[in-house]
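S.K.: One predicted model, sequence on top.
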Amino acid sequence: MLEPISVSLASLNLVTLSPMLIAIAGGLIILIIDLISKDLHKSLYVMLTVLILFVDIGSVLGLNVNERGFFDVMLIDGIAIVSELMLLVASMLFVPLALTSKRFHEYSYPEFFALFLFMIAGFQFMVASDNLILIFVGIETASLSLYTLIALHNRNSSYEAAVKYFTMGAMAAGFYVMGSAVIYALTGSVELYQIADVLQARIAEPGIMIAILGGSVLLLAAFAFKLSLFPFHTWTPDVYEGASAPLAGYMSIVPKIAAFVVAMRLFGMYIDLGIEWVRIAILVLSVLTMTLANVMALVQEDVKRMLAYSSISHAGFVMAAIALDTTKGNTGIFLYYALFMFTNLGAFTMLWISRHKNRMHNARYDHPYEKFAGLVKIMPLAAVIMALFMLSLAGVPPFSVFWGKIYIMSAAIDAGYVWLAIVMGLNSAIAAYYYLKLIVYMFLKTPEENDGTVTYNMTKPLMTIVGVAVAATVGSVFFMQPLISYIFYMVSASGY
């Protein structure tokens, strides 16, 4: 007779699950409150969500580095802690924007905030595990919530965007599952640290390399979808266009941080095993992505679509750091997105400053360049703030994104990839054109006639969030060294 297996609570180390449990419990609390009392003002849900995120940040800061928990499927290393903090800070920047406008009715639904917290829990599972099954659960939890958040915008373009995102997400999930199945067939494990050991022992066997490469191609395709890398990037501009402007900005940051962490763990394992084909494929994808996205951004007539292609280009730029497989390169990924998230979310949020009841400038787009013509004469402060964000995204010193770009280029040179740093520099020069184009419209064009259908949105919550983004964008130079030191220490402690 088999002896029963006894599992103690101490061995489960449930504290490693606490950040995800807080987010899930928060979402359930919001739904319960709505069941008890209907039609409460959205400000209650906004404040409750921010409070839950504060508690979540506290639980993350209380975690010990390099611990495992819950049958060893949870991995709390330095990378997990840094990425969870970034996810939560970006989320705290986004949520108060629900107070800024009566136009977008989705923020009045408590379901919006519950889904938002479930999505955060999914991203946290992705970054705090090296178990392929739990990563997949996190991907699907976050993705299904995000599809619904987009559709809640309740416009035809939003429904179209949600369906496109769902279709592309389903395809990416299929590639991920097939790639994981190949790995499991080869190694008999779904834990990355065990997979690496088995592959190391079997890599010399005849035919095994073909199977390894097959699995890596499937996984690379899955993450190319998630990170909108060429040629799997075509859904991104349409989805961003259909989502509300701040949600589009949020989508350009948080899902990509989570996907980059998983990609770092997965493809870093392949590169450490000496499979150079994976490194070459990532470099090719990243160069093609940043270059073609920049070229496409040059010809966009809509500022939101331009920012979408800009986000694709930035993702390609950062993806190159994964191919370097160095501590400095991996530090550069987190540094880049820690700086980029303030600037990009601020830029998307600034698209809200003027509202048109009808598309008076362009029958196709909500945010054409003409909408911003002469903005400096109508709203000087808004024009200056938007120009700051554009200069930062272009990589103009001393604004925030410049430091992220220069750090990754430095990591590329240190790793012996001088040509990659040159390509990055050339792409930054190309990108400057379309960022400066918007500045030209705002400062040098004549304002359009206002027929009374244009209103301006400069509410206190919006200006507070934008003010935080501006402070981070302009003042980043003063806290750059401690930020780099902290991220470098946490990445080093994780063994990457």
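M.R.: Here it is on my side, so go on. Numbers count the residues shown, from 1 in each chain.
S.K.: quick check, N64 in a strand?
M.R.: No: assessed by DSSP: H, G, I helix; E, B strand; the rest coil, N64 does not belong to a strand; its assignment is coil.
S.K.: how close does it sit to R265?
M.R.: As judged by CB to CB, to the nearest Å, N64 and R265 stand 19 Å apart. C-beta here means a position set from N, CA and C on the backbone, and glycine is covered the same way.
S.K.: For the stretch 51-200 of the chain, which residues score under the pLDDT cut-off?
M.R.: Within the stretch 51-200 of the chain, the segments meeting pLDDT under 70 span 100-108, 154-155.
S.K.: residue boundaries of the strands in it?
M.R.: Listed in chain order, the strands of the stretch 51-200 of the chain (DSSP state E, counting those that start in this stretch) span 67-69, 74-76.
S.K.: one step back: which one's more surrounded, N64 and R265?
M.R.: Neighbours per residue (other CB atoms under 10 Å) separate N64 from R265, with R265 holding more: 23 against 10.
S.K.: per-residue confidence for the more buried one?
M.R.: Confidence at R265, expressed as pLDDT, is 88.
S.K.: roughly how far apart are it and S286?
M.R.: R265 sits 18 Å away from S286, going by CB to CB.
S.K.: Please apply the same query to M463.
M.R.: Here the criterion is CB to CB. By it, M463 lies 36 Å from S286.
S.K.: what about those two, which has more around it?
M.R.: Higher neighbour count among M463 and S286: S286, with 25 against 17, using other CB under 10 Å.
S.K.: part of a helix, is the more buried one?
M.R.: Yes: for S286, which was evaluated using three-state DSSP, the result is membership in a helix.
S.K.: Test my guess that it contacts S313.
M.R.: No: the pair formed by S286 and S313 falls short of the contact definition of CB atoms under 8 Å, at 10.2 Å.
S.K.: and the nearest residue to A114 once chain neighbours are set aside, helix, strand or coil?
M.R.: Across the structure, with CB to CB, 6 or more residues apart in numbering as the measure, the residue nearest A114 apart from its sequence neighbours is G27 (4.1 Å). Using three-state DSSP, the structure places G27 in helix.
S.K.: where along the stretch 301-450 of the chain do the strands fall?
M.R.: Ranges of strands within the stretch 301-450 of the chain are 354-356, based on DSSP E, counting those that start in this stretch.
S.K.: can you list the weak-confidence ranges in it?
M.R.: Scanning the stretch 301-450 of the chain with the threshold set as pLDDT under 70 gives 354-366, 449-450.
S.K.: Let me see the ranges of the helices in it.
M.R.: Taking DSSP state H, counting those that start in this stretch to define them, one finds helices in the stretch 301-450 of the chain at 303-324, 327-349, 375-378, 380-393, 400-414, 418-444.
S.K.: quick one, phi/psi of P397?
M.R.: P397 adopts backbone torsions of phi -70, psi 150, taken as degrees, to the nearest 10.
S.K.: Likewise for A394?
M.R.: Recorded main-chain torsions at A394 are phi -70, psi -10, according to degrees, to the nearest 10.
S.K.: I figured it was touching S428, is that so?
M.R.: Yes: counting by CB under 8 Å, a contact exists between A394 and S428, whose distance comes to 7.0 Å.
S.K.: Same list, the helices of the stretch 301-450 of the chain, but as TSV with mean neighbour count please.
M.R.: Supplementary listing: the helices of the stretch 301-450 of the chain in TSV, determined by neighbours: other CB atoms under 10 Å:
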stretch	mean neighbour count
helix 303-324	26
helix 327-349	26
helix 375-378	19
helix 380-393	21
helix 400-414	22
helix 418-444	18
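S.K.: between those, which gets nearest to G188?
M.R.: Put simply, out of these the one that sits nearest G188 is helix 303-324, at 26.5 Å, with distance taken as CB to CB.
S.K.: name the helices or strands packed onto that closest one?
M.R.: In this structure, helix 303-324 packs against helix 235-242, helix 245-251, helix 254-272, helix 276-298, helix 327-349, helix 400-414, helix 418-444, with contacts taken as 3 or more CB pairs under 8 Å, 6 or more residues apart in numbering; DSSP states H and E.
S.K.: contacting residues for I52?
M.R.: I52 is in contact with 22-23, 26, 29, 117, counting by CB atoms under 8 Å, 6 or more residues apart in numbering.
S.K.: quick one: contacts for the closest residue to L88 other than its chain neighbours?
M.R.: Nearest-residue entry for L88: I57, 5.0 Å, with adjacent residues in sequence omitted and distances by CB to CB, 6+ apart. Under the criterion of CB under 8 Å, 6+ apart, the neighbours of I57 are 85, 88-89, 92.
S.K.: what do you get for S286?
M.R.: Counting by CB under 8 Å, 6+ apart, the residues that S286 touches are 229, 316-317, 319-320, 323.
S.K.: Distance-wise, check it relative to P19.
M.R.: Here the criterion is CB to CB. By it, S286 lies 30 Å from P19.
S.K.: repeat for A493
M.R.: As for A493, its distance to P19 is 18 Å (criterion: CB to CB).
S.K.: Name the residue in these two with the higher neighbour count.
M.R.: P19 (30 against 14).
S.K.: pretty sure the more buried one belongs to a helix, no?
M.R.: Yes: checked against three-state DSSP, P19 lies within a helix.
S.K.: Hmm, it is touching L61, no?
M.R.: No: counting by CB under 8 Å, no contact exists between P19 and L61, whose distance comes to 9.9 Å.
S.K.: Can you report phi and psi for G188?
M.R.: With angles defined as degrees, to the nearest 10, G188 shows backbone torsions of phi 70, psi 20.
S.K.: For it, which residues are in contact?
M.R.: Counted by CB under 8 Å, 6+ apart, G188 has contacts V198.
S.K.: ok, 6 Å please
M.R.: Contact analysis of G188 by CB atoms under 6 Å, 6 or more residues apart in numbering lists nothing.
S.K.: One more: W235?
M.R.: For W235, the residues meeting the contact criterion (CB under 6 Å, 6+ apart) are 164, 168.
S.K.: Quick check: the gap between it and A142.
M.R.: According to CB to CB, W235 stands 16 Å off from A142.
S.K.: next one: S428
M.R.: Counting by CB to CB, the gap from S428 to A142 is 30 Å.
S.K.: what about A204, how many residues close to it?
M.R.: Neighbouring residues of A204 were enumerated by other CB under 10 Å; the total is 8.
S.K.: list the contacts for it?
M.R.: With contacts taken as CB under 6 Å, 6+ apart, A204 has no neighbouring residues.
S.K.: Tell me if I am right that it is in a helix.
M.R.: No: inclusion of A204 in a helix is not indicated when three-state DSSP is applied; the result is coil.
S.K.: tell me the phi and psi of it?
M.R.: The phi and psi values for A204, taken as degrees, to the nearest 10, are phi -80, psi -10.
S.K.: Likewise for V65?
M.R.: Backbone torsions for V65, taken as degrees, to the nearest 10, come to phi -70, psi 140.
S.K.: ok, and for stretch 175-189, which residues are buried?
M.R.: Buried residues in stretch 175-189, defined by neighbour count with 16 or more other CB atoms under 10 Å: 175-176, 178-180, 182-183, 186-187, 189.
S.K.: Any idea how many residues pack against V396?
M.R.: When neighbours are counted by other CB under 10 Å, V396 registers 16.
S.K.: Which residue comes closest to it once chain neighbours are left out?
M.R.: Distance criterion CB to CB, 6+ apart; nearest residue to V396, sequence neighbours excluded, is F402 at 6.2 Å.
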